[in-house]
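Engineer: how would this look folded up:
(2 chains)
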Amino acid sequence: MPLLFPEEDASDVRLRYKPDVINGDMDSIRKEVLDFYRSLGTKIIDKSHDQDTTDLHKCITYIWDFAPDANKSSLCILVAGALGGRYDHEMGNLNVLYCFSSLRIVLLSDDSLIYLLPRTHHHEIHIQTSVEGPHCGLIPIGAPSRSSTTTGLRWNLNNTEMRFGGLISSSNIVVGEKVTVQSDTDLLWTISIKKL
Amino acid sequence: MDLMHHSSTFLLPTIPLHHRPSLTYALVVLNQTLPRFAPLLWKHAQLRLCADGGANRVFDEMPLLFPEEDASDVRLRYKPDVINGDMDSIRKEVLDFYRSLGTKIIDKSHDQDTTDLHKCITYIWDFAPDANKSSLCILVAGALGGRYDHEMGNLNVLYCFSSLRIVLLSDDSLIYLLPRTHHHEIHIQTSVEGPHCGLIPIGAPSRSSTTTGLRWNLSKYMSTLL
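Structural biologist: From the prediction side, this is the model:
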């Protein structure tokens, strides 16, 4: 965080950007970092006994338990750092979207954002053209799609079949400010993030 | 069901002489930061292609991997055999430089239906004699990271060319397809890879997968679903 505010004093930045919770199996966090945030009052949840789920999964579970039921549908979890690095980690993070398909979870990198479009709904995606696009994709990870239909893309789908080994919608372009998607399977929506 | 052998010997400084299977390597460089071991992949490859902006990467970044050498010398040494793609990313001076050195330039700007990687794989497929296709292994640098729709398009290429050995490489990981048509033996080169690994059912769920050699093996008694 201090590197993103080079004109400010690093300590001031660190005090301002204090996490509420640090959760995970604690095998990567440096001791001085843990001590620093603990001393500021950050809640430390040590899940080192749990080797069955990823750190992201643990965090999503925590948020799920923490949020009152009434608020779950209006909750949106933004995840930084889920992409890149070890590929098995990236896939494990992607799987979390599917495991918690009733929760809005957005995976973000410098270049792209990703979220799940559950098959249970029609979807309207309002494109914030000042910050995202135009490059986008609809990806049938996990299961092929016998029929997907879209509007608002350069190359729309029309009851089109999509599967790995055949057609997937990558290198597509959003045209305008609204995209609609309907599919018989869960699809991953991805759109490029403009250099802000 | 036939057995298919896999081994990441392309990450070793020298490939052992009598190593089986004996493979011919081709290298495709895409438009992402070169992995730090790119010169090693280049050395093992008999055919080196740049997909469009991948040529910018070789031009700009190979010299950075040899900081003690003169950049021009490095560029002359790491000259791609082919530059293929829709040419919307390669810089003009890079294109002119490699063209003047004799690199074959294949302009596919009319073809907007396939990714640059797909075009390169097609080129290699057409180029390799049929007899040699099963001993061909295509190494791809720069397929991961960057725009996520690109990464997924690159992953799809593995499935579209499932009878070809294609390995996607980044600084952190390598990925290849294990087709359902074969049993697979993966010989781990412990000096250069591992221990972290994964088996991912992208594209379709797996009702039954079985493994040995992993900390947490899969058995037919478990279901494996994404």
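Engineer: residues from chain A in reach of chain B?
Structural biologist: Neighbours of chain B within chain A, by C-beta under 8 Å from any C-beta of the partner chain: A:83-88, A:91-92, A:95, A:98, A:109, A:111-112, A:114, A:135-137, A:139-144, A:163-166, A:168, A:170-172, A:188, A:190, A:192. For every residue, glycine as well, the C-beta is placed using N, CA and C.
Engineer: which elements pack onto the helix or strand containing residue A:45?
Structural biologist: Using DSSP states H and E, residue A:45 sits in strand A:43-46. The helices and strands touching strand A:43-46, judged by 3 or more C-beta pairs under 8 Å, 6 or more residues apart in numbering or on different chains; DSSP states H and E, are strand A:21-24, helix A:31-40.
Engineer: direction included, what does the first one pair against?
Structural biologist: The reference is to strand A:21-24. Strand A:21-24 has its sheet partners listed here by DSSP bridges as strand A:43-46 (parallel).
Engineer: buried ones in the strand it pairs with?
Structural biologist: Applying a neighbour-count criterion of 16 or more other C-beta atoms under 10 Å in any protein chain shown, one finds nothing buried in strand A:43-46.
Engineer: starting at the chain centroid, how far to it?
Structural biologist: On the basis of C-alpha atoms, centre = their mean, to the nearest Å, the separation between the geometric centre of strand A:43-46 and that of its chain is 22 Å.
Engineer: dump it to PDB, keeping only the CA atoms.
Structural biologist: Listed next in PDB are the C-alpha coordinates belonging to strand A:43-46 (Å, rounded to 0.1, in the frame of the first residue of the first chain):
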ATOM      1  CA  LYS A  43      -8.900  -9.800  14.300                       C
ATOM      2  CA  ILE A  44      -6.500 -12.700  13.600                       C
ATOM      3  CA  ILE A  45      -8.200 -16.000  12.700                       C
ATOM      4  CA  ASP A  46      -5.700 -18.800  12.600                       C
END
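Engineer: C-terminal to that strand, what's the next element?
Structural biologist: Heading C-terminal from strand A:43-46, the first helix or strand you meet, by DSSP H and E, is helix A:55-66.
Engineer: residues of that next one that come out buried?
Structural biologist: Going by neighbour count (16+ other C-beta under 10 Å), the buried part of helix A:55-66 is A:55-63.
Engineer: and the very next helix or strand once past it, which strands flank it?
Structural biologist: Tracing the chain past helix A:55-66, the next element assigned as helix or strand by DSSP H and E is strand A:76-80. Within its sheet, strand A:76-80 is paired with strand A:104-108 (parallel), according to DSSP bridges.
Engineer: what mean pLDDT does the strand it pairs with have?
Structural biologist: In this model, strand A:104-108 has an average pLDDT of 97.
Engineer: that strand versus helix A:55-66: what angle between them?
Structural biologist: 150 degrees (axes from the mean of the first three to the mean of the last three C-alpha atoms, to 10 degrees).
Engineer: and the next element down the chain from strand A:104-108?
Structural biologist: Along the chain past strand A:104-108, the next helix or strand (assigned with DSSP H and E) turns out to be strand A:112-117.
Engineer: what's that next one packed up against?
Structural biologist: helix A:87-99, strand A:104-108, strand A:187-193, helix B:148-160.
Engineer: what does the strand holding residue A:45 contact?
Structural biologist: Applying C-beta atoms under 8 Å, 6 or more residues apart in numbering or on different chains, the external contacts of strand A:43-46 come out as A:20-26, A:34, A:37-38, A:58, A:62.
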